[in-house]
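Colleague: sequence and predicted model, in that order:
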Amino acid sequence: MEIFRYSGPDVDPTSSDDESEPLQHDDGPWPAPVADGPIDARVQIPGSKSLTNRELVLSALASAPSTLRGPLAARDTELMTTALGQLGTGVERLEGTGRFGDDLRITPRRRLEGGVSIDCGLAGTVMRFMPPVAALALGPVAFDGDDAARRRPMRTTIEALVALGVEVRDDHRGRLPFSLYGTGSVRGGKLTIDASASSQFVSGLLLAAPRFRSGLTLRHTGEQLPSVPHIDMTIETLRGRGVDVERVDERTWRVPSSPIAGAEVTIEPDLSNAEPFLIGAIVAGGTVRIDDWPDRTTQVGAQLAEILPQFGARVSVGDGALVLHKERGIAQGSRVDGVDLDLGEAGELAPNLAALCALCSTPSRLRGIGHLRGHETDRLAALATELTKIGADVTEHDDGLDIAPGPLRGAEWSAYGDHRMATSGTIIGLAIEGVSIDDIGSTAKTLPEFPQLWRDLIASAGGDGDDVRLAAFDV
Ligand SMILES: O=C(O)C1=C[C@@H](OP(=O)(O)O)[C@@H](O)[C@H](O)C1
Ligand SMILES: C=C(OP(=O)(O)O)C(=O)O
């Protein structure tokens, strides 16, 4: 067992920690494997990013130690454990105890200490969840991240903290880098924010709110509220720690000032990361079984069970697994009609679905996803560019994409450092010869094992049914 606890005093908002820059694929573009027959695979997906990072934050703010079973170990969660460790939280890796790596023992400290620079990488959960936690610490805390992270919206978090009485130095007008000066406590109370650009603004404030002196009554005003299931997940994880959160109405939440209980929590597999594998069976044909699919969950990836049948797949959930079957894949000439989907709740599913739409026989419309322009990259622009490059006819709208099939051709697919752009390119590559991904290493953000799992999935074509699982865990 090893205890990681950071004790660095530096506060330099312009510094960046090179060690956590995303992995690049050293050998140049990664040739995406083509499916040469129906696949037949059983896939074990590591833990949910969204659940892991919520449980890490709650564990650090809790009144007693917690154990996380099966947490994700990927760039986003490593950034979160590092950030919490920098503020003083004890993070102990229970080596070899987990299914995919180490379980974690988190020991909260009575007082969080500032005087550190936090690297958010490209993780929305780190950049939106950590500032309210840092505001509870004593001393200055600087935040920065990847170049692409500096383009992601942060204004709502910054303005919210200022409204709660926290001193923030916001030299970049609502973007990273910025610094805040914690006094060891936050007053809380009533607060109105505009979370139209990201549900994470709401989640970040709600997660820290039990530790605010007066709790928090948070109201969202603004045209839209994306990714509502992620807010439900936040509420559920808080309730799981004994915090009596009230959903006053669809746009208002009340969190009392309350202790947060230590807990032993088993993290569900990341259902959104199951998406490319499931789509793989629609494109290549065959069967994919995802192990440990929960019967009940707040993860938005659960919606795949309703979305993917619209592409001609048979999906069943039960006995601890989701099984998707498609007799004949698109790559074998099966015609699949396009869809019209509002993905406002499930934006993180959009890039892989957009790739699938490009392989359909008739046009598709994906709507309700204007906020994807503030994700890891401007995903609407990135998808329009890459899908056009491979021959699809794509129209970009403010809130979505029209995707019409065309004669498709191979090309180098740019991931823009975005894990889901990388996986969407591999989906195209299943059906189209000559697709390569410029930066497959960007999948390390939430699934470092993706390249191997994907190769194993394709290798199951024509076999008796392979288990696609992690032989060794190595982030
Ligand atoms: O809270 C979370 O864990 C997330 C919320 C969503 O963010 P947005 O509301 O910005 O879409 C989602 O897309 C992201 O992948 C994870
Ligand atoms: C939008 C995403 O990530 P983040 O948590 O960085 O916002 C995503 O994973 O699709």
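Modeller: Structure received. Residues are numbered from 1 along each chain as shown. Ligands and ions are numbered 1, 2, ... in the order given.

Colleague: who in the stretch 201-350 of the chain is up against ligand 1?
Modeller: Contact residues, the stretch 201-350 of the chain versus ligand 1 (C-beta under 6 Å from any ligand atom): Ser203, Pro226, Ser227, His230, Gly347, Glu348. C-beta: built from backbone N, CA, C; applies to glycine.

Colleague: buried subset of those as a ChimeraX selection?
Modeller: To isolate the buried members of those in ChimeraX, using 16 or more other C-beta atoms under 10 Å:
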select :203,226,227,230,347,348
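
Colleague: quick one: the residues of the stretch 201-350 of the chain next to ligand 1 as a markdown table, columns for pLDDT and secondary structure too.
Modeller: As requested, those are arranged in a markdown table below (pLDDT from 0 to 100; DSSP: H, G, I helix; E, B strand; the rest coil):
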| residue | pLDDT | secondary structure |
| --- | --- | --- |
| Ser203 | 99 | helix |
| Pro226 | 98 | coil |
| Ser227 | 98 | coil |
| His230 | 98 | helix |
| Gly347 | 98 | helix |
| Glu348 | 98 | helix |
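
Colleague: quick check, nearest of the residues of the stretch 201-350 of the chain next to ligand 1 to Gly285?
Modeller: Of all these, Glu348 has the smallest distance to Gly285: 25.8 Å, by C-beta to C-beta.

Colleague: how about the contacts made by that closest one?
Modeller: Ser227, Ser272, Val300, His375, Arg420 (C-beta atoms under 8 Å, 6 or more residues apart in numbering).

Colleague: how about 10 Å then?
Modeller: Under the criterion of C-beta atoms under 10 Å, 6 or more residues apart in numbering, the neighbours of Glu348 are 49-50, 124, 227, 230, 272-273, 275, 299-301, 369, 372, 375, 379, 419-420, 446.

Colleague: those residues also near ligand 2: which ones?
Modeller: Among the contacts of Glu348, the residues that sit close to ligand 2 (C-beta under 6 Å from any ligand atom) are Gly124, His375, Arg420, Thr446.

Colleague: out of the residues you listed, give me the one that has the most neighbours.
Modeller: Arg420 (32 neighbours; other C-beta atoms under 10 Å).

Colleague: what residues are up against that residue?
Modeller: With C-beta under 10 Å, 6+ apart as the criterion, the residues that contact Arg420 are 272-273, 275-276, 347-352, 354-355, 372, 375-377, 379, 382-383, 442-443, 445-446.

Colleague: what does the protein put close to ligand 2?
Modeller: The chain comes close to ligand 2 at residues Ala123, Gly124, Thr125, Glu348, His375, Glu376, Arg420, Thr446, as judged by C-beta under 6 Å from any ligand atom.

Colleague: and the gap between the fifth one and Ala123?
Modeller: The one in question is His375. Relative to Ala123, His375 is positioned 11 Å away (C-beta to C-beta, to the nearest Å).

Colleague: which residues do those two both contact?
Modeller: The contact lists of His375 and Ala123 share Arg152, where a contact means C-beta under 10 Å, 6+ apart.

Colleague: what is the neighbour count of the closest residue to Ala392 other than its chain neighbours?
Modeller: Among residues not flanking Ala392 along the chain, Ala358 sits closest, at 4.2 Å (C-beta to C-beta, 6 or more residues apart in numbering). Around Ala358 there are 29 other residues, counting by other C-beta under 10 Å.

Colleague: and if you look at Arg42?
Modeller: 17.

Colleague: then Thr107?
Modeller: 18.

Colleague: could you do Arg173 as well?
Modeller: 9.

Colleague: tell me if I'm right that it and Ile158 touch.
Modeller: Yes. At 9.1 Å, Arg173 and Ile158 qualify as touching, with contact defined as C-beta atoms under 10 Å.

Colleague: what ranges do the helices span in the stretch 351-475 of the chain?
Modeller: 379-389, 419-431, 450-459 (DSSP state H, counting those that start in this stretch).

Colleague: against which helices or strands is the shortest one packed?
Modeller: If you count contacts as 3 or more C-beta pairs under 10 Å, 6 or more residues apart in numbering; DSSP states H and E, helix 450-459 packs onto strand 39-43, helix 275-284, helix 419-431, strand 466-468.

Colleague: identify the residues contacting Gly368.
Modeller: Counting by C-beta under 10 Å, 6+ apart, Gly368 touches Gln224, Pro226, Leu341, Asp342, Leu343, Gly344, Glu345, Ala346, Gly347, Ala350, Asp399, Gly400.

Colleague: apply 8 Å and report the result again.
Modeller: For Gly368, the contacting residues are Gln224, Pro226, Asp342, Leu343, Gly344, Glu345, Gly347, Asp399, Gly400, by C-beta under 8 Å, 6+ apart.

Colleague: what does the pLDDT read for it?
Modeller: With respect to pLDDT, Gly368 scores 98.

Colleague: any idea how far Leu72 is from the nearest residue to it once chain neighbours are set aside?
Modeller: Distances taken as C-beta to C-beta, 6+ apart place Gly344 nearest to Gly368, at 3.1 Å, with adjacent residues excluded. From Gly344 across to Leu72, the span is 25 Å (C-beta to C-beta).
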